[in-house]
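Chemist: One predicted model, sequence on top.
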Amino acid sequence: MLASGQRNLRMERHTLLLLGIPAGLLFALSESIFTPEQIPDLQQRALSWLALLATVIGAIVTVDWHWTRKIKATRDETWSFIHRQVLKVMWLLLALATLTTFAMFFYGGGYMVCSVWLIFAGLGLYVHGLFSEELLEWGGGLMIAIGIVSLIAGLPYESLRWLATSVFALGLPLFALLLDRGRHRPAYVRLLQICGWLAAVVVLPLLIEQQSHLRTLPDGPLLTLAAFRTNPPADGTAIVALPAGTPIPVEVELAGDLFAGNERKTRMPLILQQPVELLLRHGKLTGDVRFPGESWQNSRRARWVTIPWIRAELTPEHGPRIRSPLIVQLRPDDR
């Protein structure tokens with residue numbers, strides 16, 4: 001009775017379904033919604049995403065509020081003060097995740113957007129579990145850990161996106177099935193539940209996603225870069241070999257009131273340290289890349305260029321200049 005009185009809240013199963021399935025669908029479809037090709041202007045694209053996220057979260061909160069109130073009325077229950085405050089914390093965390101996503105369009109850090117949502121949603125579940133069910137504490141802590149560990153591991157963004165899709169669309173509905181109305185379970189039962197959840201939601205999807213990119217593609221004629229430039233193939237499959245030492249021009253666009261003129265793009269050459277082979281189909285890049293002798297993989301899973309910092313400096317030898325490390329990622333539509 002004492003334990004039940006302390007954990008006097010209840011998270012309805014439909015709440016986890018409403019939170020998980022729409023979020024999972026958004027992550028799964030995020031690469032085809034409001035893309036740079038559809039909305040070239042960055043500010044308009046950021047506002048479009050902000051409006052979409054606000055609409056989806058507002059709809060989830062509204063439906064969940066009325067649905068939960070109807071169920072509580074059926075059971076002749078009332079909303080406790082603590083329950084109302086915990087719900088406000090959950091809504092606040094979702095709003096913070098939305099605003100963080102919006103800010104990333106202007107200040108960078110888009111690679112971390114999946115982990116941000118996992119951490120904020122996991123924190124909300126953990127806080128709710130402190131006053132309701134022990135399982136939600138475990139689940140919220142796991143989501144926070146997944147978000148942090150995935151960043152430490154340096155997973156490709158594609159893996160992060162599908163991991164977030166799995167955690168929300170599959171993991172939260174599984175938690176809904178595992179809710180046991182606050183019953184105390186032995187530690188080994190909780191451990192078995194968590195291990196099964198991790199295997200179904202994290203390990204299996206990551207293995208499937210990894211194997212989907214390690215494909216055996218048909219080999220075509222191997223062309224040197226000079227031969228490709230002289231006579232690019234219009235049909236069929238071909239492989240272009242870029243030898244070590246090949247200069248790769250990287251186009252960088254700068255924006256800000258500090259620079260004059262409308263054209264703020266510059267190119268900088270980077271030199272390959274090892275040979276790379278690219279796959280062409282009908283004269284266009286497919287997005288598949290490999291090192292000689294290795295398997296093909298999708299270039300979206302490779303982070304070959306990154307910008308960990310950027311700074312300006314003034315020296316007598318060079319005058320004013322901006323220095324920045326750089327990492328480039330190839331995409332299927334790159335040339």
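Modeler: Now that the structure is in, tell me what you want to look at. Residues are numbered from 1 along each chain as shown.
Chemist: Do I have it right that residue 60 meets residue 22?
Modeler: Yes. Counting by CB atoms under 8 Å, residue 22 is a contact partner of residue 60 at 6.2 Å. C-betas here are computed from N, CA, C, even on glycine.
Chemist: The two - which one has more neighbours?
Modeler: residue 60 (19 against 16; other CB atoms under 10 Å).
Chemist: Am I right that the more buried one is in a helix?
Modeler: Yes. Under DSSP: H, G, I helix; E, B strand; the rest coil, residue 60 sits within a helix.
Chemist: Spatially nearest residue to it (excluding sequence neighbours)?
Modeler: residue 18 (5.0 Å; CB to CB, 6 or more residues apart in numbering).
Chemist: Roughly how far does the one you found sit from residue 148?
Modeler: Going from residue 18 to residue 148 by CB to CB, to the nearest Å gives 26 Å.
Chemist: quick one: which of these two has more around it?
Modeler: residue 18 (20 against 14).
Chemist: I'd like to know how far residue 22 sits from residue 70.
Modeler: 20 Å.
Chemist: which stretches of the stretch 51-200 of the chain have low pLDDT?
Modeler: 181-184 (pLDDT under 70).
Chemist: Is residue 19 in contact with residue 172, as I believe?
Modeler: Yes. Because the distance of 6.0 Å satisfies CB under 8 Å, residue 19 is recorded as touching residue 172.
Chemist: can you give me the helices in this structure?
Modeler: Assigned by DSSP state H, the helices in the chain fall at 2-6, 13-29, 42-74, 81-107, 113-131, 134-153, 157-166, 172-178, 187-198, 204-213, 225-230.
Chemist: right, and those - which one's nearest residue 291?
Modeler: helix 204-213 (14.4 Å; CB to CB).
Chemist: So which elements touch that closest one?
Modeler: helix 157-166 (3 or more CB pairs under 8 Å, 6 or more residues apart in numbering; DSSP states H and E).
Chemist: so what secondary structure elements neighbour the helix it packs on?
Modeler: helix 13-29, helix 113-131, helix 134-153, helix 204-213.
Chemist: buried set for the shortest one?
Modeler: In other words, helix 204-213. Residues 205-206, 209-210, 213 are the ones in helix 204-213 that count as buried (16 or more other CB atoms under 10 Å).
Chemist: ok, so of the residues you listed, who is nearest residue 90?
Modeler: residue 205 (25.2 Å).
Chemist: Report how many residues lie close to the closest residue to that closest one other than its chain neighbours.
Modeler: Computed as CB to CB, 6+ apart, the closest residue to residue 205 that is not its neighbour in sequence is residue 166, at 4.1 Å. Look at residue 166: counted by other CB under 10 Å, it has 22 neighbours.
Chemist: Check residue 121 too.
Modeler: Residue 121, neighbours per other CB under 10 Å, totals 26.
Chemist: for residue 35, same thing?
Modeler: Neighbour number of residue 35 under other CB under 10 Å is 11.
Chemist: per-residue pLDDT, it?
Modeler: pLDDT, the model's per-residue confidence, is 84 for residue 35.
Chemist: Give me the phi and psi angles of it.
Modeler: Residue 35 adopts backbone torsions of phi -80, psi 160, taken as degrees, to the nearest 10.
Chemist: Kindly report the same for the one 5 residues further on.
Modeler: For residue 40, the backbone dihedrals (degrees, to the nearest 10) come out as phi -60, psi -30.
Chemist: so the residue nearest to residue 60 touches residue 62, yeah?
Modeler: No. Residue 18 lies out of contact with residue 62 (CB under 8 Å); the separation is 10.1 Å.
Chemist: contacting residues for the residue nearest to residue 205?
Modeler: The neighbours of residue 166, taking CB atoms under 8 Å, 6 or more residues apart in numbering as the test, are 24, 201-202, 205.
Chemist: Out of the residues you listed, name the two that are farthest from one another.
Modeler: Going by CB to CB, the pair spanning the contacts of residue 166 furthest: 24 and 202, at 13.8 Å.
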